[in-house]
Structures are given as C-alpha cells and as structure tokens.
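Peer 1: the amino acid sequence is not available; the structure is as follows:
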C-alpha cells in the first residue's frame, strides 16, 4: 500500500487555511407582480450599513454601479448636515428630492468555525488481529500533527424599498464563505443579487 507523506508542505497548509470564496442567495422575497424598470427610475438611494467606513463606501459604489447612473450613494447624500434622527424628516426629505426607491445592504451575522483535519491516516484493517499490529497501526495517528481549517461565513441582508409607497418590495439573504477581502465579497453579493432580481423578473432593463 502506498505510504502517505506525513510532512505537508507549508504552502499547502496556507492554501488549506482558506477555502474557496463563494457567495450564494439563501432566500429572497418580492412583492407579487411588482417589477422595476431601471430606465424609468429617477433616483435610487443606496445605503450600506457596515461598521467600517471604507467597506460602506465600497458596498454603496458597487450597488450604485448596477443602476445606470440612477444610484445616489448615502455617504454623499446623508452627510453630517442631514438630520438622521428624525424619521419623518428623513422620509419627507427623500420624497421631496425625487427619489423613487432605496436599496440597503447590511451585515447581520459572521459565523466563525474551526475544523481539525488529521495529517495522515493509515487504514490497515488487519492490525486489529493482534496487539502489536493494533498498537503500531494507531500510535502514528496520534504522533502525526494535523492542522486547522478556518471558515468564516458572512450573512448579508439586501432590501429594496419603494419611497413613493413607503414599503419594502424585495428582500434577500446572501451567505459568503471565506471571501477574499470585503471588496470582493461586496462585489459578489451585488452580482448575485442583481442576477436573482433579473431572473425573477423584478428588475427589467
């Protein structure tokens, strides 16, 4: 039987620490028979709710890029002179400024998981027939160091609101596993959400 190498090269270990990044939609809902024609829109407010300001700006830029120049990022519009504490004032101001809708993106959960992977394992069923065979068949299992793989899963909520009707008309949850940086994660989320909206017929070009 071929012998498994007990010494895993360091570059392989580094590769195993981070799994391939993937973003997928886990659930979505839209108001029945509701659709949005981007060319008919006037303005859409784009809001990302993340702790990091750079991440927030990147997320809003990514979402706005799919709106054909109709997207207005909140970091420019909702500046320090804007009264963000008064809900009624916020709603009235957005309506007066001619916004049709708003899109929000919010990080709602980060799940961290560590899994231990054994370095090697020699599978010899015959070693159970004697003590010496059993002992030597298993002692190497404990002496051979393994490694940990770490998985981070980010759950992000994306909502679409009608400003004129003052209600939510689309919502979806995405999960991103081990994203290669926040910028890439936000880009992937924007793409999969946009594709889902197109597929559902919610967005019409």
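Peer 2: In hand now; what should we look at? Quick caveat, the model's predicted, so the values are computed rather than measured. Residues are numbered from 1 along each chain as shown.

Peer 1: packing partners of the top helix by length along the chain?
Peer 2: As assigned by DSSP state H, the longest helix anywhere in the chain is helix 182-200. Packed against helix 182-200 by the contact rule (3 or more C-beta pairs under 8 Å, 6 or more residues apart in numbering; DSSP states H and E) you find strand 22-30, helix 53-64, strand 147-162, strand 167-177. The way it works is simple: take the backbone N, C-alpha and C, and place the C-beta from them, glycine included.

Peer 1: one more pass at 10 Å, please.
Peer 2: strand 22-30, helix 53-64, strand 101-117, strand 147-162, strand 167-177, strand 203-204 (3 or more C-beta pairs under 10 Å, 6 or more residues apart in numbering; DSSP states H and E).

Peer 1: now the angle from it to strand 147-162?
Peer 2: 50 degrees (axes from the mean of the first three to the mean of the last three C-alpha atoms, to 10 degrees).

Peer 1: related to what we said a few turns ago, dump the helices and strands packed on helix 182-200 to CSV, plus mean pLDDT.
Peer 2: Output for those, formatted as CSV (pLDDT from 0 to 100):
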stretch, mean pLDDT
strand 22-30, 93
helix 53-64, 91
strand 101-117, 84
strand 147-162, 86
strand 167-177, 94
strand 203-204, 85
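
Peer 1: now render the ones you listed as a markdown table, adding mean neighbour count.
Peer 2: As requested, the helices and strands packed on helix 182-200 are exported to a markdown table (neighbours: other C-beta atoms under 10 Å):
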| stretch | mean neighbour count |
| --- | --- |
| strand 22-30 | 14 |
| helix 53-64 | 19 |
| strand 101-117 | 14 |
| strand 147-162 | 17 |
| strand 167-177 | 18 |
| strand 203-204 | 16 |
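
Peer 1: so what pairs up with the spatially most central residue of the chain in the strands?
Peer 2: Nearest to the centroid of the C-alpha atoms of the chain, with distances taken as C-alpha atoms, centre = their mean, sits residue 176, at 3.4 Å. Beta-bridge partners for residue 176, by DSSP bridges, are residue 23, residue 154.

Peer 1: residue 150 too?
Peer 2: Bridge pairing for residue 150 - DSSP bridges - gives residue 114.
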